[in-house]
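> sequence and computational prediction follow.
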There are 2 protein chains.
Amino acid sequence: MAIPSPEDLEKVKEYIGRFVSFNDEQLCAFLQTMEKKRVPKGSCLMEAGQVCDYVAFINKGHFRTFCIINQEEVTYNFSFEGNFYTDYPSFLTRQPSLEYHQALVDSEVLVVSYEKMQRTYQQMPVWEKFGRLIAEFILIRIAERNRAMLFLSPEEQYLNLMKSRPKVFEKIPQHYIASYLGIQPESLSRIRKRLSESKK
Amino acid sequence: MAIPSPEDLEKVKEYIGRFVSFNDEQLCAFLQTMEKKRVPKGSCLMEAGQVCDYVAFINKGHFRTFCIINQEEVTYNFSFEGNFYTDYPSFLTRQPSLEYHQALVDSEVLVVSYEKMQRTYQQMPVWEKFGRLIAEFILIRIAERNRAMLFLSPEEQYLNLMKSRPKVFEKIPQHYIASYLGIQPESLSRIRKRLSESKK
DNA sequence: CCCATTTCTTAACTTAGATCAATAAAATCA
DNA sequence: TGATTTTATTGATCTAAGTTAAGAAATGGG
């Protein structure tokens, strides 16, 4: 663990500023709780069975969230530079996580522990508000995903994902995307073929 | 719209008490914002296209949330007596909702408008905290549903639902449950047959 | 630059759910 | 109660994704 640099913290400040207004004292109180951590390519910031004890700001790199179901990895989500990252259910309930948080490239995160986060909530109402707004923000995103999974065929979800999160296609191997869509790599391959043929 | 009775408000108080502690003044400030509304069986508390302007406490009855996709109703969720109910994405973003909130029996709700809710957040930090905790609570539930949809077959989801929300099977017609599971009524019928045969 | 590994594609076959159609069972209400 | 509507089941056929297996393409390390 190391102390974040001023440039690192500037990125966090920018992100938070999208949700709440704050003064220097308030900002410092929060930023002081952050610690910097390197995560080498392929390694996991957290593994299933552990309680997720951090909210992480991804300073550099990107991550894949996966679970192991019946001895098989199922990719649950992708998280990119400049966003916060945690297993909310585990972080909030203090129950063991089902997830692995794996760095897909050499990465760097700024983490806040559960205990420090709760203390910050208590100290300053502005962070309580930030906590509410960010929970609401994530809730909306998850609800959208939910809707997509219920309403759309894998093919429609694939097209949807290309529009809404093009970054995923720049950086993520295809078999992980297949898993994210809930299908086998072979099926995604066929969907891509079908789409490219119907385009002609 | 009518004024809620003391017995109505007692139920709300009990619910809130599971999340935060409060004194009488704080409680009153919140309960004062509630208005009582009857929703006859089959009618909708809200329809797609409207901005969802309420958080509703279901005082009596139960509801079905559905969307219309390609001229077809897709059931998204069920909500029962003694819980809060809203379209979070629409309520928070002030964008038109995609959902219909339909009473499946003669029902009664206590609603708080967006404007009153925001004012309550500003007035008393305890409600800000309640807002955060309930957003987090709902987030966890949606995340679980998400996981189920990604990881489990319709058959497994059906068994899962029977365990985790038996109420659904007491009160909800089967073709709505099929829709909730993302399959056709005929398929659910076959899954039930398969299960009852394998049990023998 | 080459070899090993990972990732992607294609093919043949299987299977679960979709679709269409008909009927049976249950609920509603006049 | 009997008639009408709603809900649930069953059968036949179709289709998209799963499975298994093989080979092609891309990537990465020495």
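Thanks, I have the structure now. Keep in mind that what you see is a predicted model, and the values were worked out from it rather than measured.

> let me know whether A:Leu110 touches A:Lys60 as I believe.
No. Assessed by CB atoms under 8 Å, A:Leu110 is found out of contact with A:Lys60, at 10.0 Å. Quick note: C-beta positions are derived from backbone N, CA and C, even for glycine.

> neighbour-wise, which of the two wins?
Higher neighbour count among A:Leu110 and A:Lys60: A:Leu110, with 24 against 16, using other CB atoms under 10 Å in any protein chain shown.

> would you mark the buried spots in the helix or strand encompassing that one?
Using DSSP states H and E, A:Leu110 sits within strand A:107-113. By neighbour count with 16 or more other CB atoms under 10 Å in any protein chain shown, strand A:107-113 contains the buried residues A:107-112.

> same question for stretch A:121-133.
By neighbour count on 16+ other CB under 10 Å, the buried set for stretch A:121-133 is A:121, A:124, A:126-133.

> among the residues you listed, name the ones in helices.
Using DSSP state H, A:121, A:126-133 are the members of these that sit in helices.

> looking at those, spot the one nearest A:Phe169.
Using CB to CB, A:Leu133 is the member of those that sits closest to A:Phe169, with 29.3 Å.

> so what's the closest one up against?
Neighbouring residues of A:Leu133 by CB atoms under 8 Å, 6 or more residues apart in numbering or on different chains: A:19-20.

> what pLDDT does it get?
A:Leu133 carries a pLDDT score of 93 in this model.

> and for the one 5 residues further on?
If you check A:Ile138, the pLDDT there is 93.

> A:Pro89 is in contact with that one, correct?
No. In this structure, A:Ile138 is not within contact of A:Pro89 by CB under 8 Å, at 11.2 Å.

> distance of the residue in chain A positioned nearest to DNA strand D relative to A:His175?
Residue nearest to DNA strand D within chain A: A:Ser187 (3.2 Å; CB to the nearest atom of the strand). Separation of A:Ser187 from A:His175 (CB to CB, to the nearest Å): 11 Å.

> chain A: strands as residue ranges?
Along chain A, the stretches classed as strands by DSSP state E are A:35-39, A:44-46, A:54-60, A:62-69, A:72-80, A:84-85, A:100-103, A:107-113.

> can I get these in TSV with distance to chain B?
Putting the strands of chain A into TSV (distance: least, CB to the nearest CB, whole Å) gives the following:
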stretch	distance to chain B
strand A:35-39	23
strand A:44-46	16
strand A:54-60	12
strand A:62-69	5
strand A:72-80	6
strand A:84-85	13
strand A:100-103	14
strand A:107-113	16
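
> just to revisit the earlier point, centre of the chain to the strand holding A:Leu110, how far?
On the basis of CA atoms, centre = their mean, to the nearest Å, strand A:107-113 sits 12 Å off its chain's mean C-alpha point.

> over to stretch A:89-103?
That offset, for stretch A:89-103, works out to 12 Å (CA atoms, centre = their mean).

> show me what from chain A comes close to chain B.
Neighbours of chain B within chain A, by CB under 8 Å from any CB of the partner chain: A:67, A:69, A:74, A:76, A:88-89, A:92-93, A:98, A:121, A:125, A:128-129, A:131-132, A:135-136, A:138-140, A:142-147, A:149-151, A:182.

> pLDDT-wise, which helix or strand of chain A ranks last?
helix A:185-199 (a mean of 90; mean pLDDT, DSSP states H and E).

> which other helices and strands does it contact?
Contacts defined by 3 or more CB pairs under 8 Å, 6 or more residues apart in numbering or on different chains; DSSP states H and E place helix A:185-199 against helix A:154-164, helix A:174-180.

> out of the ones you listed, which is the most enclosed?
Neighbour counts (mean count of other CB atoms under 10 Å in any protein chain shown) averaged over each of these peak at helix A:174-180, with a mean of 19.

> what does it contact?
Counting by CB under 8 Å, 6+ apart, A:64, A:66, A:73-78, A:158, A:161, A:168-169, A:184-185, A:187-189 sit against helix A:174-180.
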